[in-house]
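Student: have a look; sequence and predicted model below, questions after that.
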Amino acid sequence: MAADSEPESEVFEITDFTTASEWERFISKVEEVLNDWKLIGNSSGKPLEKGIFTSGTWEEKSDEISFADFKFSVTHHYLVQESTDKEGKDELLEDVIPQSMQDLLCMNNDFPPRAHCLVRWYGLREFVVIAPAAHSDAVLSESKCNLLLSSVSIALGNTGSQVPLFVQIHQKWRRMYVGECQGPSVRTDFEMVHLRKVPNQYTHLSGLLDIFKSKIGCPLTPLPPVSIAIRFTYVLQDWQQYFWPQQPPDIDALVGGEVGGLEFGKLPFGACEDPISELHLATTWPHLTEGIIVDNDVYSDLDPIQAPHWSVRVRKAENPQCLLGDFVTEFFKICRRKESTDEILGRSAFEEEGKEIADISHALSKLTEPTPVPIHKLSVSNMVHTAKKKIRKHRGVEESPLNNDVLNTILLFLFPDAASEKTLDGTTSTDNNNPPSESEDYNLYNQFKSAPSDSLTYKLALCLCMINFYHGGLKGVAHLWQEFVLEMRFRWENNFLIPGLANGPPDLRCCLLHQKLQMLNCCIERKKARDEGKKTSTSDNVTNLYPGDTGKAGDQLGPDNLKETDKEKGEVGKSWDSWSDSEEEFFECLSDTEELKGNGQDSSKKGGPKEMANLRPEGRLYQHGKLTLLHNGEPLYIPVTQEPAPMTEDLLEEQSEVLAKLGTSAEGAHLRARMQSACLLSDMESFKAANPGCFLEDFVRWYSPRDYIEEEVIDEKGNVVLKGELSARMKIPSNMWVEAWETAKPIPARRQRRLFDDTREAEKVLHYLAIQKPADLARHLLPCVIHAAVLKVKEEENLENISSVKKIIKQIISHSSKVLHFPNPEDKKLEEIIHQITNVEALIARAQSLKAKFGTEKCEQEEEKEDLERFVSCLLEQPEVLVTGAGRGHAGRIIHKLFVSAQRLTESSDEAAAMTPPEEEFKRMGSAEERRQNSVSDFPPPAGREFILRTTVPRPAPYSKALPQRMYSVLTKEEFRLAGAFSSDTSFF
């Protein structure tokens, strides 16, 4: 048995050599990818059009495969083209060489300005690259390179693919590729040489031709002609003869209302450094043959002036420092600061002088003694006096963040009415402003939720922005804001309207800070009218009719009701002359108490319509047309009414929250309706006082005509008469209008409790302003700063007229309106907007720089000027621009002068010569031939030299098929590269 078991054990040790190896699996994966991407079979396409590599669309597909545990990425790069009809052409295409081999000889797309390096070196429209997946991995050993190349060759042979397949070897920064392309009985090998230094014998065309011919090894004695394309690239870096037109602002300048060399209210613009760092001139000889050109180590015919094609590209400075972008960015940084104004300036910033007095009697006497309101002449010195006095107590004058000159200039800019010698009566708040424009730019504040460009808020934002950048930074901002708040209180206490704000209630389309200032202006206006009314009432006690100030309100209240338009037009004028700062009022003088008794307004007496008809009318504004009271036929009078309280958006939010908390119960709904009908009740009381004996129907006819329905009916005598009645909703039981009418007493507006307590609201606004931190202030005003920056960019763009910039500005406006319209936008989105504005500023600065260098404004001929402007515009938008007329065209001559001037500055050691204008120097040197004889070179040595050598020869035997051969070479200071594509016949060799 033991003997039988031995042979059995040997059988189990047999190795199965049919199992696929890792190498075979790798080849299989390559074939699978080629099949998946349908890169098998004949490849055909239309001949390449000129410039298609740049103007066409390139796409790529990627996949990942592995050789054992080493991962490779496979990428298919291809130019998107219209598909061609292949039916019926298969027989004709059998003997045709692959499309990629034909592309090797195509001359329409030599030296594309923007393309993959393999496209530039070999002129291919489609290829596949296999490269190590990890960026740090590299195929370094020769055996591994050969193994990969063998894998590629086998995969192409097995699939029949005619797409060139490359393998990336060595480190990725070297861009070293080897590859292969197979077709029916033909093969092209792609090889490459990469050196750090150029060998001396290959620094010219003759040496490169020797390499090319020796590599081809053509057995024919008369060698077919070699086609040559040459490009030399010259770099201009020295712009010393053309100073950058943007002068940096003088920070110390302060002349005639200018700070930092800039007028307040105007943002700076432009790059601080030249945004164009280099100009690259490419001189090209596209079609040369071996015999007609000489270029060796002794002599060269390749004079750039004589080149038939010139093309130019500009290299832009990376992230140039731009003034407008820096201004907005620095202001935005304040938003992240957490210090309060008190912490920045010291605890005494808003201290009251009275706090330092310990004796309580002083405070009591201050409350009891009457204090006349002085009407000062408003001046800058008055404005800053109080704040300066407080600050000096705790720190020296020299420590103030802003000096007096700067501060006075800013305050005069913000409050131009302070320069007036007349006593301010505050009759208008927009005397010093331009009339509102209906232009699109002016209305931009609606989209940005900022403030009108002629408003105080907008000017304040610009001033704070400039102070932050030039004068004191965060401390300067805190100091100016402190002065601003003190000025607001000064104006409130002395009844001076704030300039630069539109009349009327707060505009909810603007930022909250602007609304607060408008609210304060409303308070000042009401207080001023009331104080003036008190003066008139002391001189004249009989005041039954009140001269008008502002209009009838109430049109916002009364659910679902609006007053008739013709009634609203007439509802202007009311008096606040007998109102006081308290919410409830006691009339202690004899005439007032007698008046109350005479009118039956005793608290214990509820007079009905009959009793009311005997009351003396009060608070009439004027008679309303032909309308009469329904029951007694007396004329209907429009009463003097209170205006509804103006509201800012934060107050509206608070009110809506309170109303929402009342819930949906019947009691909550009733209470909500009562809260919303305060203005309705006030108007009813005023109407009853002006029209004794009136009924609810009379009030509805005036207040909400749509709720009083009149119909023509025939009476008993047969006459057609009008009969009116209240609408259905007014007849609903427990209707709010009916309830309010029953509770309303005939009290004129001047004796009612105030709907709008201006004293309380003004103190709330002033407190709100005082507690704002610089960060809060910056967030409030950032929309105004962005608004101003966009307007500045639009203004500069109009001067330059760049079509691409117009589109970007529209995108910025659209993006900004979405971001800024909502409260508390994200910092990241705000940074994006500022970054977009900075990019546009750099674009416009580049246009200004190029126009200055090419002297577009100096052109006398209109046609030449238009050509130059078009050329400059193309330089900004396109990667490379062809120079019309090469070196002999108008733009070419300017470029030539730029290079001549730069060479003169480089080569000449004579300082006096350096001061000579470039045009004179150009003329002095004479013609190009004379300059060559004087050994003065117009151009520096080329920074890069590119050669493309092509021919079609039979290879490897004389009887082989004639196939395309190509070699690309580039010579620079840093590298020497040869990229060859050599085709051979695999059938006849």
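Tutor: Cool, got the structure.
Student: going by C-alpha atoms from here, please, whenever you check contacts or count neighbours.
Tutor: Fine.
Student: thinking residue 135 is in contact with residue 172, fair?
Tutor: Yes: using C-alpha atoms under 8 Å, residue 135 is in contact with residue 172, at 7.4 Å.
Student: look at these two and report which has more neighbours.
Tutor: Neighbour count, other C-alpha atoms under 10 Å: between residue 135 and residue 172, residue 172 has more, with 16 against 10.
Student: quick one: pLDDT of that one?
Tutor: Looking at residue 172, its pLDDT is 90.
Student: phi first, then psi, for it.
Tutor: The phi/psi pair for residue 172 (degrees, to the nearest 10) reads phi -70, psi -30.
Student: can you pull the domain assignment for the protein?
Tutor: As assigned by the TED database, the chain contains the domains 26-82+96-218+955-985, 647-755.
Student: mean pLDDT for those domains: which is lowest?
Tutor: Note on those: domain 647-755 shows the lowest mean pLDDT, a mean of 75.
Student: that one: end-to-end distance?
Tutor: Length of domain 647-755, first residue to last, C-alpha to C-alpha, to the nearest Å: 12 Å.
Student: cool, and stretch 494-502?
Tutor: Stretch 494-502 stretches 20 Å from its first residue to its last (C-alpha to C-alpha).
Student: where do the helices sit along the stretch 701-850 of the chain?
Tutor: Using DSSP state H, counting those that start in this stretch, the helices of the stretch 701-850 of the chain run over 736-743, 758-770, 774-800, 803-820, 827-854.
Student: export the domains of the chain as JSON lines, with columns for distance to residue 638.
Tutor: Shown next, in JSON lines, are the domains of the chain (distance: least, C-alpha to C-alpha, whole Å):
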{"stretch": "domain 26-82+96-218+955-985", "distance to residue 638": "74"}
{"stretch": "domain 647-755", "distance to residue 638": "7"}
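Student: so which of the ones you listed is nearest residue 468?
Tutor: Across the domains of the chain, residue 468 has its closest neighbour in domain 647-755 (28.1 Å, C-alpha to C-alpha).
Student: off-centre distance for that closest one?
Tutor: Relative to its chain's centre, domain 647-755 lies at 49 Å (C-alpha atoms, centre = their mean, to the nearest Å).
Student: residues of stretch 191-203 that come out buried?
Tutor: Neighbour counts over stretch 191-203 (16 or more other C-alpha atoms under 10 Å) mark 191, 192, 194, 198, 202, 203 as buried.
Student: just those: which are in strands?
Tutor: Using DSSP state E, 191, 192, 194 are the members of these that sit in strands.
Student: the second one and residue 178, how far apart?
Tutor: Using C-alpha to C-alpha, we find residue 192 at a distance of 7 Å from residue 178.
Student: ok, residue 477 next?
Tutor: Computed as C-alpha to C-alpha, the residue 477 to residue 178 distance reads 64 Å.
Student: those two: which has the busier surroundings?
Tutor: The neighbour count for residue 477 versus residue 178, taken as other C-alpha under 10 Å, is higher for residue 477 (27 against 22).
Student: OK, contacts around the more buried one?
Tutor: 464, 467, 468, 774 (C-alpha atoms under 8 Å, 6 or more residues apart in numbering).
Student: look at the third one and give its secondary structure.
Tutor: Yep, that's residue 468 we're talking about. helix (DSSP: H, G, I helix; E, B strand; the rest coil).
Student: before we move on, what about the first one?
Tutor: Three-state secondary structure (criterion: three-state DSSP) places residue 464 in helix.
Student: shouldn't it be in contact with residue 480?
Tutor: Yes: between residue 464 and residue 480 there is a contact at 7.5 Å, judged by C-alpha under 8 Å.
Student: so for these two, which residue has more residues nearby?
Tutor: The residue with more neighbours, out of residue 464 and residue 480, is residue 464; 27 against 21, by other C-alpha under 10 Å.
Student: report pLDDT for the more buried one.
Tutor: 89.
Student: cool, residue 584 as well?
Tutor: The model's pLDDT for residue 584 equals 39.
Student: same question for the one 10 residues further on.
Tutor: At residue 594, the predicted lDDT confidence score is 38.
Student: and for residue 709, the neighbour number?
Tutor: Neighbour tally, residue 709, other C-alpha under 10 Å: 14.
Student: residues contacting residue 232?
Tutor: 282, 283, 284, 304, 942, 943, 944, 945, 946.
Student: so the nearest residue to the second one once chain neighbours are set aside: helix, strand or coil?
Tutor: In this case it means residue 283. Nearest non-adjacent residue to residue 283, counting by C-alpha to C-alpha, 6 or more residues apart in numbering: residue 310, 4.7 Å away. Judged by three-state DSSP, the three-state class of residue 310 is strand.
Student: where does residue 310 land on pLDDT?
Tutor: Reported pLDDT at residue 310 in the predicted model: 93.
Student: cool, and residue 604?
Tutor: 36.
Student: residue 906 now?
Tutor: Residue 906 is assigned 71 on the pLDDT scale.
Student: any chance you could list what contacts the helix or strand harbouring residue 145?
Tutor: In this assignment (DSSP states H and E), residue 145 forms part of helix 142-159. For helix 142-159, the external contacting residues (C-alpha under 8 Å, 6+ apart) are 23, 26-28, 30-31, 34-35, 40-41, 139, 162, 165-167, 169, 178-182.
Student: which of the residues you listed fall in helices?
Tutor: When DSSP state H defines the helices, the subset of those inside them is 23, 26, 27, 28, 30, 31, 34, 35.
Student: for ChimeraX, what selects the buried ones among those?
Tutor: A single ChimeraX command selects the buried members of the ones in helices among the contacts of helix 142-159 (16+ other C-alpha under 10 Å):
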select :26,27,28,30,31,34
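Student: just flag the most distant two among the ones in helices among the contacts of helix 142-159.
Tutor: Largest separation among these by C-alpha to C-alpha: 23 and 35, giving 18.6 Å.
Student: okay, now residue 903: neighbour count?
Tutor: Residues within reach of residue 903, counting by other C-alpha under 10 Å, total 18.
Student: what's it in contact with, if anything?
Tutor: 937, 938, 939, 940 are the contacts of residue 903 under C-alpha under 8 Å, 6+ apart.
Student: just the angle between the longest strand that the chain contains and helix 827-854, please?
Tutor: When the chain is scanned for its longest strand (criterion: DSSP E), the result is strand 276-289. Note on geometry: by axes from the mean of the first three to the mean of the last three C-alpha atoms, to 10 degrees, strand 276-289 and helix 827-854 are set 60 degrees apart in direction.
Student: who touches strand 276-289?
Tutor: For strand 276-289, using C-alpha under 8 Å, 6+ apart, the contacting residues are 107, 110, 225-238, 304, 307-317, 846, 849-850.
Student: which of those residues fall in strands?
Tutor: Judged by DSSP E, the contacts of strand 276-289 include 227-236, 309-316 as members of strands.
Student: report the buried members of those.
Tutor: Using 16+ other C-alpha under 10 Å as the burial test, the ones in strands among the contacts of strand 276-289 include 227-236, 309-314, 316 as buried.
Student: what's the burial count for residue 878?
Tutor: Residues lying near residue 878 (other C-alpha under 10 Å) number 12.
Student: how much space is there between it and residue 872?
Tutor: 10 Å.
Student: now residue 949
Tutor: When distance is defined by C-alpha to C-alpha, residue 949 is 33 Å away from residue 872.
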